[in-house]
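Colleague: Quick one, structure for this:
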Amino acid sequence: MNKEYLARIWIVRHGQTTWTENGRCLGRTDLPLSQKGRREVEWIPNCIDSSQCNSILCSPYKRAIETTRLLMGETSRKLIINEDLREIDFGTWEGLPWKNIIERRQSEWNTWKNDPYFSNPYNGESLHNAEVRIIDFYSSLLQEYIGQTVLLVSHGGILNIFLSYLFQIPLSVIWTFKLNPASFSELIIYPNGPELTILNYSPNTPFKDMYIRNIRENISQRYETSFPRPSAMVRHELFL
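Modeller: Predicted coordinates:
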């Protein structure tokens with residue numbers, strides 16, 4: 001058990017599916033990885049020392065489970081399925097091209113875009129409800145995995161909400177965190193707060209998308225939004 005930090009979290013977004021490759025909305029529809037998605041995941045074991053990984057937490061969806069098994073290989077550690085790590089439910093938007101949602105469902109899209117916290121796609125889930133479950137997940141993580149290195153494999157939407165909650169960023173601008181498919185990030189939770197040491201790393205990710213030097217300052221300038229707490233700093237390390 002490490003006494004210097006509360007937890008070290010290795011964050012992996014699953015590889016691509018046939019829907020994400022074609023720009024289609026994918027939330028709770030349970031698709032496996034595409035061939036491209038399986039190839040994308042192959043590089044991740046190069047940056048994970050499995051001997052240091054104490055626990056593996058994963059979304060219940062096939063694309064996340066398959067990603068976890070591909071990157072961990074044969075391991076004695078049990079894969080723990082956590083329902084709170086499932087993707088946002090996009091309701092009737094599921095399977096539709098994002099372009100069509102924006103162009104043909106303008107009223108729904110504008111309502112969700114302008115008030116994403118409480119509004120939701122028809123028969124879908126609001127970001128507020130998704131945030132509630134990820135807060136519950138984080139509270140449980142700090143209780144059950146204190147001092148551990150935890151591998152967390154999940155989805156772009158819910159991971160953005162997770163990071164936004166930790167760094168107190170409004171959900172209206174959560175997409176500031178860019179997490180590409182099959183990307184690797186590292187989050188360390190210290191007693192005085194969280195620190196992102198690696199964000200959105202993958203071999204094919206442009207350097208400009210790998211990190212935000214100062215998350216809160218960047219968003220304040222971009223969206224003319226002020227934050228009461230000190231800036232959360234992000235340190236980026238190339239380590240392969």
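Colleague: Not counting residues beside it along the chain, what's closest to residue 105?
Modeller: Beyond its immediate neighbours in the sequence, the residue positioned closest to residue 105 (CB to CB, 6 or more residues apart in numbering) is residue 93, lying 7.6 Å away. Any C-beta I mention is one placed from the backbone N, CA and C, and that applies to glycine too.
Colleague: Can you verify my assumption that the one you found contacts residue 123?
Modeller: No. Counting by CB atoms under 8 Å, residue 93 sits too far from residue 123 to count as a contact (9.1 Å).
Colleague: Kindly list the longest helix within this structure.
Modeller: helix 127-144 (DSSP state H).
Colleague: related to what we said a few turns ago, roughly how far does the residue nearest to residue 105 sit from residue 63?
Modeller: Going from residue 93 to residue 63 by CB to CB, to the nearest Å gives 18 Å.
Colleague: which SS state does residue 196 fall under?
Modeller: In the three-state summary, residue 196 is assigned as strand, counting by DSSP: H, G, I helix; E, B strand; the rest coil.
Colleague: cool, and residue 146?
Modeller: With three-state DSSP as the criterion, residue 146 was assigned coil.
Colleague: Show me where this structure has its helices.
Modeller: Per DSSP H, the chain carries helices over the ranges 18-21, 35-41, 62-72, 98-104, 106-114, 127-144, 156-166, 215-223.
Colleague: Quick one: work out the angle between the longest one and helix 106-114.
Modeller: Between helix 127-144 and helix 106-114, the angle comes out at 40 degrees (axes from the mean of the first three to the mean of the last three CA atoms, to 10 degrees).
Colleague: residue ranges with poor pLDDT in the chain?
Modeller: Of all residues in the chain, those with pLDDT under 70 make up the ranges 1-3, 74-76, 204-240.
Colleague: Go ahead and flag the most central residue of it.
Modeller: For the chain, the residue sitting closest to the mean C-alpha position, by CA atoms, centre = their mean, is residue 159 at 2.3 Å.
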